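Asks: Please work out how this folds:
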Amino acid sequence: MGIILPVLILLIGPLSGIMVHLFLKINTSKAISYTVIFSGSFLLGIALFGLMPELFDNIKRAGLWIVTGFLLQIILERFTGGLGHGHIHSHDIPKNELVLFAGLMLHALFEGYSAGLTNYMTPGILSGMIVGISIHEIPAAFSLSVLMTTRYRRKRYLLPVLGLYACSTPIGYMLGVFVHQESIISENLSQIITAIIAGTFLHISTTIVFENSLWKKEGLRKWGMILAGLAISYIACLAG
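Replies: Numbering: from 1, shown residues only. This is a model prediction of the structure:
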């Protein structure tokens, strides 16, 4: 399958977040706060402009499955403490590193699978959704790298763990492409999975966008990133 370029782009995102921390020695989430906001608004646009219009034309009770995805993401964040959104200092981050890593892996695999699901007809094409998810993974990988080097002292596991996490989204993408190319699941089940993914995107994006203060001194810049993310996602959905 000619999916090398999308897989590389999905790999570049988390690797960029890891390298920003390990090699540039940047330890604050403020350094990538605008990336977080842009990626959140981009995912919101993908859910609203790309996934949901198709769902309500093709699946009954689409809203129910979207809510299911929304609630599923809330449960998933019980295991990640919002680390996937750049919340390095969140008090909700689990102390058990295995639980934390498993939650983040599922988060990354799910996002990669969603890109494969929507791109399986042309898996080698670089879609806007792939780029957006790759950008979204930059702060997630950055936060994981910061936490692993500050909280956990098992340094010999650092690079293998970060490398495995970086590969999670590309693996999810290839899995999504394979499952749908080979018709392993029915069209109806595929639509349900799409609805659940739309719900997770809605939770991720609204949490990211609206948890940030938009009315303080830097609010205008944040509004600019939100509007840019929505506009680019709209263009990407039209092109798709």
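Asks: CA atoms for contacts and neighbours, from now on please.
Replies: Noted.
Asks: Find the residue closest to residue 175 in space, skipping its chain neighbours.
Replies: residue 113 (6.3 Å; Cα to Cα, 6 or more residues apart in numbering).
Asks: burial of that neighbour, as a residue count?
Replies: Look at residue 113: counted by other Cα atoms under 10 Å, it has 27 neighbours.
Asks: With residue 6 instead?
Replies: Residue 6: 24 surrounding residues under other Cα under 10 Å.
Asks: That one is in what secondary structure piece?
Replies: Using DSSP states H and E, residue 6 sits in helix 4-22.
Asks: what helices or strands is the helix or strand following that helix leaning on?
Replies: The helix or strand immediately downstream of helix 4-22 is helix 33-45, counting by DSSP H and E. Other helices and strands packing on helix 33-45, by 3 or more Cα pairs under 8 Å, 6 or more residues apart in numbering; DSSP states H and E, are helix 128-150, helix 187-211, helix 219-239.
Asks: Which among these is found nearest to residue 63?
Replies: Closest to residue 63 of the helices and strands packed on helix 33-45 is helix 187-211 (Cα to Cα; 7.7 Å).
Asks: next one: the closest one to chain centre, how far?
Replies: Helix 187-211 sits 11 Å away from the centroid of its parent chain (Cα atoms, centre = their mean, to the nearest Å).
Asks: List the buried residues of it.
Replies: Under the neighbour-count criterion of 16 or more other Cα atoms under 10 Å, helix 187-211 has 190-205, 207-209 buried.
Asks: again with stretch 145-165
Replies: By 16+ other Cα under 10 Å, the buried positions in stretch 145-165 come out as 145, 146, 147, 148, 162, 165.
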